[in-house]
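>>> Next come a sequence and a model predicted from it.
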Amino acid sequence: MSDAGGGPANDLGVDPRGDLATAMGVELLEASPERVVARMPVKGNTQPYGVLHGGASCVLAESTGSVGAALHAGPGRIALGIEINATHHRSATSGHVTAVATRLHGGRTLATYDIVITDEQDRRVCTARLTCAIRDQP
């Protein structure tokens, strides 16, 4: 993910992308502990039928929610995804999809995010929920 404004995601002490999200073209557009916005191209992230792969939606959702959880965790702490679920509502075949992760719960040891992924016509493609464990950095 590229951080569009050099904002708080750069304060994590690590590249918030990881290799997988980088390879998939995920871009970070906005990041705070309460809300994270990212986008990803459909092209290059499709299943054999030419539609966005459900696993790609899950990568986008987990990447987006994990950035929010890491920002919530703060310095010296890390966020590790422990549960994700996703409902795929419609297919996307071109352009970009955008994920908006909104914090539902931010505690000392757990953070949960609701992630809505939409296409360029603002139609819901996927709804996901991610829970991250928050731990001290090893």
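On my side now, so go ahead.

>>> switch to C-alpha atoms for all contacts and neighbour counts from now on
Will do.

>>> Low-confidence stretches in the protein?
Residue ranges of the chain with pLDDT under 70: 1-17.

>>> where along it do the strands fall?
Secondary structure of the chain, counting by DSSP state E: strands at 27-31, 35-41, 77-88, 96-106, 110-118, 124-136.

>>> and those strands as a markdown table, adding mean neighbour count and distance to Ala69?
Shown next, in a markdown table, are the strands of the chain (neighbours: other Cα atoms under 10 Å; distance: least, Cα to Cα, whole Å):
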| stretch | mean neighbour count | distance to Ala69 |
| --- | --- | --- |
| strand 27-31 | 22 | 10 |
| strand 35-41 | 23 | 10 |
| strand 77-88 | 16 | 6 |
| strand 96-106 | 23 | 8 |
| strand 110-118 | 23 | 6 |
| strand 124-136 | 21 | 7 |
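
>>> With distance to Leu71 added, can I get those in a markdown table?
Listed next are the strands of the chain as a markdown table, based on distance: least, Cα to Cα, whole Å:
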| stretch | distance to Leu71 |
| --- | --- |
| strand 27-31 | 8 |
| strand 35-41 | 10 |
| strand 77-88 | 9 |
| strand 96-106 | 11 |
| strand 110-118 | 10 |
| strand 124-136 | 11 |
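
>>> OK, contacts around His89?
Taking Cα atoms under 8 Å, 6 or more residues apart in numbering as the criterion, His89 is in contact with 124-127.
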